[in-house]
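1. here is the input, now give the coordinates:
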Amino acid sequence: MIRISVLLMSFVFFGCGSTANNSKENATVAPLVVKLSDEELMDVVQKQTFKYFWDYAEPNSGLARERYHPDGVYPENDANIVTTGGSGFGLMAIVSGMSRGYITKKEGVERLNKIADFLDKADRFHGAWSHWIDGNTGKVKPFGTKDNGGDLVETSFLVSGMITVREYLKNGSDAEKAVAQKYDALWKGVDWKWYTNNKNFLYWHWSPTYDWQMNFPLEGYNECLITYILAAASPTHPITPKEYHEGWARNGEIVTDKTKYNIPLILKHNGAEEYGGPLFWAHYSYVGLDPNQLTDKYANYWDLNVNHVKIDYEYCVENPKKFKGYGSDYWGLTASYSRNPDGTTGYNAHMPSNDVGVIAPTAAISSIVYTPKESIAVMRNLYENHKKDTWGVAGFYDASSLQYGWTAQRYLAIDQGPEVVMLENYRSGLLWKLFMNAPEVKQGLIGLGFHSGKYGF
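-> Just a heads-up that it's a prediction; the model follows:
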């Protein structure tokens, strides 16, 4: 596989006089490194990161592996475990790849058809898929002892991708229309209403053996806004506005008047009320849901996310713990692989209130729609100054620390996916346009009291 790298131009000047001047000793070699423009840099990063979902997808299902380790060393034979939510981001990445010509439309449609057929036969629990699926068999791979059934949040990320694919293909050739219809049927099979458990909010999990014992109601604010929107949008098993306003919004208690660095947080971030949570909260719900000019009675969602990212940025620039490298071109705290205190590799939900000196490229790159200048600065710094340590076969590795000279040379679908998708949304708005113009999405948003100046409702 050819690795994309900075273009190099070498100019060799040779003297034109005597034989002595033509000698090798007098020859001058002056290599000139040509910097990529911002647009070229974004394309290099987007195209390379796209490979996670194309070249390194799980081969039998075509879905996104939970993780990809270039060294081939996996815990507990996880090489063929696919992730439901990450695969939703992957569906959007494939749409982006077709649009940009990274793959042909024919190739993309064939892969999407393969994925749809696999998901149709995979284990489902009242229409919802599990967090992890065995890519060989389609059977649930427990995410935890009691988490061996439906995962409604991961399913909602997958459904976001399904609706985007449907919208992209629905007016195409007969083959494209057939694939679009498969995705339409799949998402309409999710029984969102079941996951209320007859209460006034949605529950994250249900298990055929442990029933509702996980007992995780979805209350805001975190990454789960899209779950309520899609549940309200369902033409087959919808929830009512009551679940959104009483459950998710806590009867209005979701709103906060707290600020940090003189920047309003707007909504109360669960367990992270001072600075806000990890930055994936500003990404996962918004890969399809366009926050531009999007409001309801609780928030302006553009301001919410811009402020969240800016607080993270200001914290890293302030760098109260004095970690090496932190600053305007090395910032971004989110859940990712992490360095344990003993130097081993683990996983952690990084945020200003839980900062261990580890930066995840996805945090800044996936925030490009909110902070383009600051996000491009991180991409450029990593690509030009730390490429040897941070860049691999599927884009930037998952996490690094200049403080400890450490990099997790591994990849996670839920981190690579938002990079591709948000780069596409920043460059063209394609995935936002497809998702937001789906008629069910519009009706779901309207029913919950949302308004969009951009999309006219």
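2. neighbours of residue 340, how many?
-> By other CB atoms under 10 Å, the residues close to residue 340 number 11. Where you see a C-beta, it was placed from the backbone N, CA and C, and this is true even at glycine.
3. bridged to the closest residue to it other than its chain neighbours, which residues?
-> Among residues not flanking residue 340 along the chain, residue 346 sits closest, at 4.5 Å (CB to CB, 6 or more residues apart in numbering). Listed beta-bridge partners, residue 346: residue 338 (assigned using DSSP bridges).
4. contacts only, for residue 346.
-> 337-340 (CB atoms under 8 Å, 6 or more residues apart in numbering).
5. same check on residue 67?
-> 74, 78, 81, 410-413.
6. residue 249 now?
-> Contacts of residue 249 by CB under 8 Å, 6+ apart are 220, 298.
7. low-confidence ranges in the stretch 1-150 of the chain?
-> Applying pLDDT under 70 to the stretch 1-150 of the chain flags residues 1-34, 77.
8. could you give the average pLDDT over stretch 236-252?
-> Across stretch 236-252, pLDDT averages out at 98.
9. distance from the chain centre to that stretch, please.
-> Computed by CA atoms, centre = their mean, to the nearest Å, the chain-centroid distance of stretch 236-252 equals 25 Å.
10. any idea how far apart the tips of that stretch sit?
-> 28 Å (CA to CA, to the nearest Å).
11. what segments of the stretch 101-250 of the chain are helices?
-> Along the stretch 101-250 of the chain, counting by DSSP state H, counting those that start in this stretch, helices occupy 105-121, 152-169, 174-188, 225-233, 241-242.
12. so which of those gets nearest residue 423?
-> helix 152-169 (15.2 Å; CB to CB).
13. now flag whichever of the contacts of residue 67 is closest to residue 442.
-> For these, the nearest to residue 442 is residue 413 (28.4 Å; CB to CB).
14. was I right to think that closest one contacts residue 56?
-> No: with contact defined as CB atoms under 8 Å, residue 413 does not count as touching residue 56 (9.6 Å).
15. overlap of the contact sets of the two?
-> 65, 68.
16. packing partners of the host helix or strand of residue 307?
-> Using DSSP states H and E, residue 307 maps to helix 301-318. Contact partners of helix 301-318 among helices and strands, from 3 or more CB pairs under 8 Å, 6 or more residues apart in numbering; DSSP states H and E: strand 259-260, strand 263-264, strand 294-295.
17. give me whichever of the ones you listed is most buried.
-> Most buried of those, by mean neighbour count (mean count of other CB atoms under 10 Å): strand 294-295, with a mean of 20.
18. residue 448 reaches residue 242, doesn't it?
-> No: with contact defined as CB under 8 Å, residue 448 does not reach residue 242; the gap is 10.3 Å.
19. so between those two, which is more surrounded?
-> residue 448 (22 against 11).
20. looking at residue 413 and residue 56, which one has more neighbours?
-> residue 413 (28 against 18).
21. how much space is there between the more buried one and residue 333?
-> Using CB to CB, to the nearest Å, residue 413 is found at 20 Å from residue 333.
22. dump the residue contacts of residue 436.
-> Going by CB under 8 Å, 6+ apart, the list of residues near residue 436 reads 288-290, 442, 452, 454-455.
23. on that earlier part again, angle of the helix holding residue 307 against helix 225-233?
-> 170 degrees (axes from the mean of the first three to the mean of the last three CA atoms, to 10 degrees).
24. just the residues contacting helix 301-318, thanks.
-> Against helix 301-318 from outside (CB under 8 Å, 6+ apart): 260-261, 263-267, 269, 275-277, 279, 281-282, 286, 289, 291-295, 326-328, 330-333, 351-352, 355, 359, 363, 367, 370-371, 374.
25. which of those are buried?
-> 260, 263, 265-267, 269, 275-277, 279, 281-282, 286, 289, 291-292, 294-295, 326-327, 330-333, 351-352, 355, 359, 363, 367, 370-371, 374 (16 or more other CB atoms under 10 Å).
26. among these, which are in helices?
-> 363, 374 (DSSP state H).
27. narrow the buried ones among the contacts of helix 301-318 to those in strands?
-> 260, 263, 294-295 (DSSP state E).
28. can you redo these as TSV with distance to residue 382 and pLDDT?
-> Listed next are these as TSV, based on distance: CB to CB, whole Å; pLDDT from 0 to 100:
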residue	distance to residue 382	pLDDT
260	26	98
263	25	98
294	31	98
295	35	98
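29. closest one of those to residue 421?
-> residue 294 (17.0 Å).
30. excluding its backbone neighbours, what's nearest residue 336?
-> residue 360 is the one closest to residue 336 (CB to CB, 6+ apart), at 3.7 Å.
31. list the residues that contact that neighbour.
-> 332-337, 350, 398-399, 415.
32. mind redoing it with 7 Å?
-> Taking CB atoms under 7 Å, 6 or more residues apart in numbering, we find residue 360 in contact with 332, 334, 336, 350, 398-399, 415.
33. residue 337 now?
-> Counting by CB under 7 Å, 6+ apart, residue 337 has contacts 345, 347, 398-399, 408, 410, 412.
34. kindly recompute the last result at 6 Å.
-> 345, 347, 398-399, 408, 410 (CB atoms under 6 Å, 6 or more residues apart in numbering).
35. one step back: narrow the contacts of residue 67 to those in helices?
-> residue 413.
36. make a ChimeraX selection of the buried ones in the contacts of residue 67.
-> Restricted to buried positions by 16+ other CB under 10 Å, the ChimeraX selection for these reads:
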select :74,81,410,411,412,413
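37. tell me the one of the contacts of residue 67 nearest residue 66?
-> For these, the nearest to residue 66 is residue 81 (4.8 Å; CB to CB).
38. now the closest residue to that closest one other than its chain neighbours: how far from residue 83?
-> Distances taken as CB to CB, 6+ apart put residue 66 closest to residue 81, at 4.8 Å, once the chain neighbours are dropped. Distance of residue 66 to residue 83, given as CB to CB: 4 Å.
39. circling back to that earlier point, show the model's pLDDT score for the residue nearest to residue 336.
-> 98.
40. for it, give me phi and psi.
-> phi -110, psi 120 (degrees, to the nearest 10).
41. on that earlier part again, how about the contacts of residue 67 in a markdown table, adding distance to residue 203?
-> Shown next, in a markdown table, are these (distance: CB to CB, whole Å):
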| residue | distance to residue 203 |
| --- | --- |
| 74 | 31 |
| 78 | 27 |
| 81 | 24 |
| 410 | 31 |
| 411 | 30 |
| 412 | 25 |
| 413 | 24 |
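42. let me see the contact set for the residue nearest to residue 112 when sequence neighbours are not counted.
-> Nearest residue to residue 112, sequence neighbours excluded (CB to CB, 6+ apart): residue 179, at 5.4 Å. When contacts are counted by CB under 6 Å, 6+ apart, residue 179 touches 109, 112-113, 169.
43. now the residues you listed as JSON lines including neighbour count and distance to residue 231?
-> Below are those laid out as JSON lines (neighbours: other CB atoms under 10 Å; distance: CB to CB, whole Å):
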{"residue": "109", "neighbour count": "23", "distance to residue 231": "29"}
{"residue": "112", "neighbour count": "25", "distance to residue 231": "24"}
{"residue": "113", "neighbour count": "18", "distance to residue 231": "27"}
{"residue": "169", "neighbour count": "26", "distance to residue 231": "24"}
